[in-house]
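Colleague: turn this into a model:
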Amino acid sequence: MSSQKEPPREHPHTYVVQSHSNLDEMARLEIQDKMVTTGMGGVLPELADPTVLRRVLDVGCGTGGWLMETARTYPTIEKLVGVDISDKMLAYARAQAEKLALGERVQFQAMDALRILEFPAGYFDLVNQRYGISWLRTWDWRKLLSEYQRVCRPGGIIRITEGNTLECNIPALTKLFDIMAEAFYHSGRFFTLSKDGVTGELANLMRQYGIQNVQTQVHPLVYRGGTIECQHFADDMAHIFRLFLPFYQRWTRVPSDYEEIYQQALKEMQQPGFVGTWTLLTMWGSRSMGGNPMLMRGLA
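Modeller: Coordinates of the predicted model:
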């Protein structure tokens, strides 16, 4: 009998990339985090005074980029917690936090948010989520929004940022975006097969399930060929349409000339006339001062 130990198995998950230990995906998430935070004008651009926050939770934190930038931007925030189902990503995030000397304020915990957030009721001033469509199906939202309200203090903020399907002026990349939208729709991540398959429904869902004073802010991120920002965008797209291919193959019909389309898109994104637009929508509201309306209505 072999004395070698079997490598630890990954937790079952719904993330679009099968292996959480994929180093290319971790590198891509770092690129995307910085690109999006810069394009949106900061980590919390819509909030009047983030300095009043004391405890912040980031759900589906991945490599922890948003959480660490929040800690650096607002040193008055006392405790910042990131949760993710991937031990590998969290190990990477912890190492980065130590390098930035944020270890005392920033913590990362392995947790399956689709089951339960293992925190006391009313513990956080702000609950944040970005890019949930990479792991959230439409039927998961009700329970998740209930959990966000439970762990958020009365009057605290629940903040969600999701994006529309990207739009551009080159045919090859447009074809790839269409494949992505179909896979996300057929896998249950989009409510409708349209460019706003999540963002078109989410603000109403937040109101329906008890979050109060819901507001929205649109962030159009525009990438033009020949700029540094566009190069970051092109790097992100190059990783996405390679790493997500098994997911696309599972959920939609991938054309036989996918590789040719992919290579053509990479070339066209380098042209001076290229323009790509990624429209993000941030939605935020507050937990009821009188408790969780979902629980009171018996919906949770």
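Colleague: so which residue is dead centre in the chain?
Modeller: For the chain, the residue nearest the mean C-alpha position is residue 131 (2.1 Å; C-alpha atoms, centre = their mean).
Colleague: show me the contacts for that residue.
Modeller: With contact set as C-beta atoms under 8 Å, 6 or more residues apart in numbering, residue 131 has these partners: 32, 60, 161, 162, 163. Glycine gets a C-beta too; all of them are placed from N, C-alpha and C.
Colleague: so which of these is the closest to residue 15?
Modeller: Each of these was checked against residue 15 using C-beta to C-beta; the closest is residue 60, at 8.8 Å.
Colleague: just the contacts of residue 131: which are in strands?
Modeller: Using DSSP state E, 161, 162, 163 are the members of the contacts of residue 131 that sit in strands.
Colleague: neighbour-wise, which one of those residues leads?
Modeller: Most neighbours among the ones in strands among the contacts of residue 131, by other C-beta atoms under 10 Å: residue 161, with 22 neighbours.
Colleague: show me which residues of stretch 267-280 are buried.
Modeller: By 16 or more other C-beta atoms under 10 Å, the buried positions in stretch 267-280 come out as 268, 269, 274, 276, 278, 279, 280.
Colleague: any idea how far the helix or strand containing residue 146 is from the middle of the chain?
Modeller: Residue 146 is part of helix 141-151, with elements assigned from DSSP states H and E. Between the centre of helix 141-151 and the centre of its chain there are 16 Å (C-alpha atoms, centre = their mean, to the nearest Å).
Colleague: ok, now stretch 216-225?
Modeller: Centre-to-centre, stretch 216-225 and its host chain are 16 Å apart (C-alpha atoms, centre = their mean).
Colleague: show me where pLDDT drops low in this structure?
Modeller: Residue ranges of the chain with pLDDT under 70: 1-13, 18-21, 290-300.
Colleague: buried ones in the longest helix belonging to it?
Modeller: Secondary structure of the chain per DSSP state H: the longest helix is helix 23-40. By 16+ other C-beta under 10 Å, the buried positions in helix 23-40 come out as 25-26, 28-33, 35-37, 39-40.
Colleague: so which of the residues you listed comes closest to residue 233?
Modeller: Nearest to residue 233 among those, with distances taken as C-beta to C-beta, is residue 35, at 6.6 Å.
Colleague: from the contact counts, what lies against the helix holding residue 146?
Modeller: strand 55-59, strand 124-130, strand 152-163, helix 199-208, helix 293-296 (3 or more C-beta pairs under 8 Å, 6 or more residues apart in numbering; DSSP states H and E).
Colleague: ok, for residue 65, nearest residue in space, not its chain neighbours?
Modeller: In space, and not counting its chain neighbours, residue 65 is closest to residue 33: 3.1 Å by C-beta to C-beta, 6 or more residues apart in numbering.
Colleague: from residue 189, how far off is the one you found?
Modeller: Residue 33 sits 20 Å away from residue 189, going by C-beta to C-beta, to the nearest Å.
Colleague: ditto for residue 284
Modeller: Taken as C-beta to C-beta, the span from residue 284 to residue 189 is 21 Å.
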